[in-house]
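K.L.:
Predicted model and sequence follow; I will ask about them next.
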Amino acid sequence: NAGVTQTPKFRVLKTGQSMTLLCAQDMNHEYMYWYRQDPGMGLRLIHYSVGEGTTAKGEVPDGYNVSRLKKQNFLLGLESAAPSQTSVYFCASSYLGQPQHFGDGTRLSIL
Amino acid sequence: RKEVEQDPGPFNVPEGATVAFNCTYSNSASQSFFWYRQDCRKEPKLLMSVYSSGNEDGRFTAQLNRASQYISLLIRDSKLSDSATYLCVVNMGASGGSYIPTFGRGTSLIVHP
């Protein structure tokens, strides 16, 4: 039972490049979330999904897109990376109203 | 005003001390509440859920005050290993009947010998 798995763990991009972060969970959770964490800012919700095929915007969605084609996977895309998107990205999953389980994060640097 | 507020600290306490953190929330319709612990920018990990009647897990006690819209975490007999950031999480109602977790910015605890 792997829980929540994020890939990649680390990545360095150049401004303007695109990439996709993958989150996979094996707990059959309906809800999945993408957060970013910056020093002094706490965890901020980017996008979330309440089920397969559905996504919704969180607090800081600009510059990101997401897809949830399969219940167990939630993808976060950066179409044109900017230095302001340098951050630690966490994925999480949960049942409705229940505690979240987090992946161990993706450290992303954009030069 | 942020929806979930915490004193960022740091709280600097000696081993064996008792320390308490509060977390206030703005949405009176919030449904569920949790405390998480986060170490050195690692992933947050659930410390405990917070129930209306209050709950205790070893040295940790969590309480909910709906009337004043805050939750609290009490740590007794602090250990060096308790040094971490403690995150308050409140599940708030969103469109379509869903509940979205909202995080406070965290309270930093440093326990020293």
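P.N.:
Thanks, I have it.

K.L.:
Now do the same for the closest residue to residue B:25 other than its chain neighbours: its pLDDT.
P.N.:
Excluding its sequence neighbours, the residue lying closest to residue B:25 (Cβ to Cβ, 6 or more residues apart in numbering or on different chains) is residue B:90, at 4.5 Å. (C-beta placed from N, C-alpha, C; glycine too.) pLDDT, residue B:90: 92.

K.L.:
ok, residue B:90 - contacts?
P.N.:
Going by Cβ atoms under 8 Å, 6 or more residues apart in numbering or on different chains, residue B:90 touches B:3-4, B:23, B:25, B:27, B:30, B:32-33, B:71, B:101-102, B:104.

K.L.:
residues in chain B within reach of chain A, list them.
P.N.:
Within chain B, the positions near chain A by Cβ under 8 Å from any Cβ of the partner chain are B:31-32, B:34, B:41-46, B:49, B:87, B:89, B:91, B:94-96, B:98-106.

K.L.:
taking those one by one, which sit in strands?
P.N.:
B:32, B:34, B:45-46, B:49, B:87, B:89, B:91, B:99-103 (DSSP state E).

K.L.:
Going by neighbour count, which of these are buried?
P.N.:
Neighbour-count burial (16 or more other Cβ atoms under 10 Å in any protein chain shown) applied to these gives B:32, B:34, B:46, B:49, B:87, B:89, B:91, B:99-103.

K.L.:
ok, of those residues, which one's closest to residue B:112?
P.N.:
residue B:87 (21.7 Å; Cβ to Cβ).

K.L.:
Pull the contacting residues for the closest residue to the closest one other than its chain neighbours.
P.N.:
Excluding its sequence neighbours, the residue lying closest to residue B:87 (Cβ to Cβ, 6+ apart) is residue B:36, at 4.3 Å. Contacts for residue B:36 (Cβ under 8 Å, 6+ apart) come out as B:44-47, B:86-87, B:89.

K.L.:
Now distance to residue A:23 too, for the residues you listed, in JSON lines please.
P.N.:
Putting the contacts of residue B:36 into JSON lines (distance: Cβ to Cβ, whole Å) gives the following:
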{"residue": "B:44", "distance to residue A:23": "15"}
{"residue": "B:45", "distance to residue A:23": "17"}
{"residue": "B:46", "distance to residue A:23": "18"}
{"residue": "B:47", "distance to residue A:23": "23"}
{"residue": "B:86", "distance to residue A:23": "25"}
{"residue": "B:87", "distance to residue A:23": "19"}
{"residue": "B:89", "distance to residue A:23": "19"}
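
K.L.:
Out of the residues you listed, the closest to chain A would be?
P.N.:
residue B:46 (4.6 Å; Cβ to the nearest Cβ).

K.L.:
what sits against the closest residue to the closest one other than its chain neighbours?
P.N.:
Leaving aside its chain neighbours, residue B:46 sits nearest to residue A:99 (4.6 Å; criterion: Cβ to Cβ, 6+ apart). Contacts for residue A:99 were tallied using Cβ under 8 Å, 6+ apart; they are B:34, B:46, B:49.
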